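[1] Build me a model from this:
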Amino acid sequence: MKDYLGSAIAEEEKELPYKSLGLQRNPFPGTPVPEDEPTFLFARGTVAEEVAKRIVRAIRERDPQHFVVLGQYGSGKSHILKYFKHEINARFFPEGKSVAAYVNHPGKNFQEFYRNLIEGLSLDFFGSLYRRFEDVKKQDSNGQRRPELLNVLKAAAADTDSRFTAWQWLQGNRQGRLDLEKLGIGYSNHDADRQLETLASLLTVFNQTGPSSLVIFLDEFEELTTLRSDFQTTYLNHLRRLIDISKNQVLLVVSATPEGFDVIRTGGHALVRRLAVTQYVLEPLTPDETWDLIRGYLELASTSPGAAASIIDRGSSDEIQRIMEGRVSEIVRACHDLIESARSRKLAKIDPVSVRQLIPGSERPGA
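    Residues are numbered from 1 along each chain as shown. Reported below is the predicted structural model:
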């Protein structure tokens, strides 16, 4: 009997279409959308160092200073937020110190933000939280009352249909009396005030058991400019209340375009003023930063571990930076296309002349 999978694997390994370029694969994504759990961050070292200091201070010293990351579309804001979300959960959650959630957009009201936040934490997180800290079920030595939320977390950890019911409740779906009785909780969780109570109870559980803090990365904050002014104010009021009830357990990090954030600031909301105190701006990449970005990606797929493939050299990198004007997403997309063109044309090197030839409309003026 023929081993079809084995044959396909052998054929692919025999061909190794990128081997002549010094690569195992094309490391540059054709569509520069950040992966959900990025484990690398290139070319943004200065900003990354400052962001990391803020995060560590918030987690270790319970001194959250909320801030905003500003940049144009395609500047790498989402990648930075997702990278630090991954790093926090890999480093601090096992120690019981912090958990992070990435919210890809604010939505049109607090309920949508809440739902995205809960889904960013995941059902598995809530189940593991109960299993890991089962002793929370008992009243602790300080005489604190057991939060009703623990009944929902217990259901989320169960291998029964109540797990799905618990997930529906946690997400903020409206539920009937029978479902609430099954969960052992006395209220539905579908309006903003109740959801704030739920988050307050969750933070109480965190206080008793760990993780001791929550870091929220909220992307595309500029979407709030599409809301009517009174709806925007109501939304921001709920976010501010979340920060106020958290008692220094929550760090809020938002990203936005500079223009969008400026529009939101004109509303004069107290929370936005707090965010605006600390701003990290992602400027277009310099030639050195572009070279760092390209070398980093090439090293990910190099046939020589620990060394970047030489298919793109510094001169070509500088030309790419000039043509793409330092825009991260455009640089990544261009490099993907250049690698594919080099492979199909059997080029040994992508030099600056090749860059201008392979990127449409990139010829120098007067050339």
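
[2] Distance from stretch 116-125 to the middle of the chain?
    13 Å (Cα atoms, centre = their mean, to the nearest Å).

[3] Now do it, average pLDDT.
    For stretch 116-125, mean pLDDT is 95.

[4] Show me what that stretch is in contact with.
    99, 101-105, 107, 156, 163, 167, 170-172, 216 (Cβ atoms under 8 Å, 6 or more residues apart in numbering). C-beta: built from backbone N, CA, C; applies to glycine.

[5] now do stretch 70-84
    Residues outside stretch 70-84 that contact it (Cβ under 8 Å, 6+ apart) are 32-41, 43-44, 47-48, 51-52, 55, 69, 100, 102, 104, 215, 217, 219, 253, 255-258, 261, 279-284, 327-330.

[6] Let's see that stretch as PDB, backbone CA atoms only.
    Taking Å, rounded to 0.1, in the frame of the first residue of the first chain, the C-alpha atoms of stretch 70-84 are listed here in PDB:
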ATOM      1  CA  LEU A  70       0.300  55.500  18.700                       C
ATOM      2  CA  GLY A  71       1.000  54.800  15.100                       C
ATOM      3  CA  GLN A  72      -0.400  54.900  11.600                       C
ATOM      4  CA  TYR A  73      -2.100  51.800  10.100                       C
ATOM      5  CA  GLY A  74       0.500  49.200   9.300                       C
ATOM      6  CA  SER A  75       3.100  50.500  11.800                       C
ATOM      7  CA  GLY A  76       3.100  47.400  14.000                       C
ATOM      8  CA  LYS A  77       0.800  48.500  16.900                       C
ATOM      9  CA  SER A  78      -1.200  45.200  16.900                       C
ATOM     10  CA  HIS A  79       2.000  43.100  16.800                       C
ATOM     11  CA  ILE A  80       3.500  44.900  19.800                       C
ATOM     12  CA  LEU A  81       0.200  44.400  21.800                       C
ATOM     13  CA  LYS A  82       0.000  40.800  20.900                       C
ATOM     14  CA  TYR A  83       3.700  40.200  21.600                       C
ATOM     15  CA  PHE A  84       3.500  41.500  25.100                       C
END
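
[7] Would you check that I264 makes contact with R273?
    No: I264 lies out of contact with R273 (Cβ atoms under 8 Å); the separation is 10.5 Å.

[8] Counting neighbours around each, name which of these two comes out higher.
    Remark: of I264 and R273, I264 carries more neighbours, 24 against 11, as counted by other Cβ atoms under 10 Å.

[9] what's the strand or helix carrying the more buried one packed up against?
    According to DSSP states H and E, I264 maps onto helix 258-265. Judged by 3 or more Cβ pairs under 8 Å, 6 or more residues apart in numbering; DSSP states H and E, helix 258-265 is in contact with strand 67-71, helix 270-276.

[10] downstream neighbour of the helix or strand of the chain with the lowest mean pLDDT in the secondary structure list?
    Using mean pLDDT, DSSP states H and E, the weakest-scoring helix or strand in the chain turns out to be helix 4-15, at a mean of 68. Moving toward the C-terminus from helix 4-15, the next helix or strand (DSSP H and E) is helix 45-61.

[11] in that following helix, what's buried?
    Neighbour-count burial for helix 45-61, counted by 16 or more other Cβ atoms under 10 Å, picks out V47, A48, V51, R54, I55, A58, I59.

[12] export it as PDB, just CAs?
    Backbone C-alpha positions of helix 45-61 (Å, rounded to 0.1, in the frame of the first residue of the first chain) are rendered in PDB as follows:
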ATOM      1  CA  GLY A  45      13.600  48.000  20.600                       C
ATOM      2  CA  THR A  46      13.400  51.500  22.100                       C
ATOM      3  CA  VAL A  47       9.600  51.500  22.400                       C
ATOM      4  CA  ALA A  48       9.600  47.900  23.500                       C
ATOM      5  CA  GLU A  49      12.000  48.600  26.400                       C
ATOM      6  CA  GLU A  50       9.800  51.400  27.700                       C
ATOM      7  CA  VAL A  51       6.600  49.400  27.400                       C
ATOM      8  CA  ALA A  52       8.200  46.500  29.200                       C
ATOM      9  CA  LYS A  53       9.200  48.700  32.100                       C
ATOM     10  CA  ARG A  54       5.600  50.000  32.500                       C
ATOM     11  CA  ILE A  55       4.200  46.500  32.400                       C
ATOM     12  CA  VAL A  56       6.700  45.100  35.000                       C
ATOM     13  CA  ARG A  57       6.100  48.100  37.300                       C
ATOM     14  CA  ALA A  58       2.300  47.500  37.100                       C
ATOM     15  CA  ILE A  59       2.600  43.800  37.800                       C
ATOM     16  CA  ARG A  60       5.300  43.700  40.500                       C
ATOM     17  CA  GLU A  61       4.500  47.000  42.300                       C
END
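
[13] Which residues does it contact?
    Contacts of helix 45-61 (Cβ under 8 Å, 6+ apart): 41, 63-65, 67, 69, 80, 84, 88, 92, 97-98, 212-213, 215, 251, 253, 278, 280-282, 292.

[14] Going through those, which ones are buried?
    Going by neighbour count (16+ other Cβ under 10 Å), the contacts of helix 45-61 have 41, 64, 67, 69, 80, 84, 88, 92, 98, 212-213, 215, 251, 253, 280, 282, 292 buried.

[15] before we move on, the earlier item: next, the angle strand 67-71 makes with the helix holding I264.
    Orientation check (axes from the mean of the first three to the mean of the last three Cα atoms, to 10 degrees): helix 258-265 against strand 67-71 gives 140 degrees.

[16] Quick check: mean pLDDT of helix 258-265?
    The model assigns helix 258-265 a mean pLDDT of 97.

[17] Show residues contacting it.
    For helix 258-265, contacts defined as Cβ under 8 Å, 6+ apart pick out 68, 70-72, 221-225, 232, 256, 272-273, 276, 281.
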